[in-house]
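Colleague: the sequence and its predicted three-dimensional model are supplied below.
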Amino acid sequence: MKILSFSLFFLFLLPSPFASAAETHYRLHVDGLVCPFCAYNIEKKLGKLDGVEKVIADLKNGLVYVQVADGKKLPEKIARKEIIDAGFTLRSIDSHVAEHGMMGHMGKMDKMDMP
């Protein structure tokens, strides 16, 4: 019985394709975000793009956080076009790949993570 328990313990330590996934998070520095309507407008524009799972606008810091699905990307050219079409200016864009398991993202990995 001890051998079976010990074997099962190590089995759970092995990597599994179901236990790990990668999402890419983008942090966009946007000029002109001043009101909740601005945030809504940006979130709606970026949220309709292929692969985008979540968009959060941070008015206080002029940042927009975008999370895309595993294997998807947010090309800067497309992000810039959507932001300009919404009436804002994209100053810069940073990306970060976050690894997490099926239970979701357990805590902050670094400053790139969405709030």
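Modeller: The structure has been received and is ready for your questions.

Colleague: please count neighbours and contacts with C-alpha atoms only from this point.
Modeller: Fine.

Colleague: what average pLDDT does stretch 50-69 get?
Modeller: Regarding stretch 50-69, the rounded mean pLDDT is 95.

Colleague: may I have the distance across it, first residue to last?
Modeller: With C-alpha to C-alpha, to the nearest Å as the measure, stretch 50-69 spans 9 Å from end to end.

Colleague: before we move on, what about stretch 31-39?
Modeller: 12 Å.

Colleague: buried residues, it. List them.
Modeller: Across stretch 31-39, burial judged by 16 or more other C-alpha atoms under 10 Å covers 31, 33, 38, 39.

Colleague: now swap in stretch 78-91 and tell me
Modeller: Buried residues in stretch 78-91, counted by 16+ other C-alpha under 10 Å: 79, 80, 82, 83, 88, 89, 90.

Colleague: residue 60 versus the nearest residue to residue 68 once chain neighbours are set aside, what's the distance?
Modeller: Spatial nearest neighbour of residue 68, chain neighbours left out: residue 52 (4.3 Å); criterion: C-alpha to C-alpha, 6 or more residues apart in numbering. Shown here: residue 52 relative to residue 60, a distance of 23 Å by C-alpha to C-alpha.

Colleague: neighbour count winner among these two?
Modeller: Between residue 52 and residue 60, residue 52 has the larger neighbour count (other C-alpha atoms under 10 Å), namely 19 against 9.

Colleague: ok, that one - contacts?
Modeller: Neighbouring residues of residue 52 by C-alpha atoms under 8 Å, 6 or more residues apart in numbering: 46, 66, 67, 68, 69, 74.

Colleague: I'd say the first one and residue 81 touch.
Modeller: In other words, residue 46. No - contact criterion C-alpha atoms under 8 Å: residue 46 and residue 81 do not qualify, at 10.1 Å.

Colleague: low-confidence ranges in this protein?
Modeller: Scanning the chain for pLDDT under 70 picks out 1-22, 99-115.

Colleague: which residue ranges of it form helices?
Modeller: Per DSSP state H, the chain carries helices over the ranges 2-13, 36-47, 76-85.
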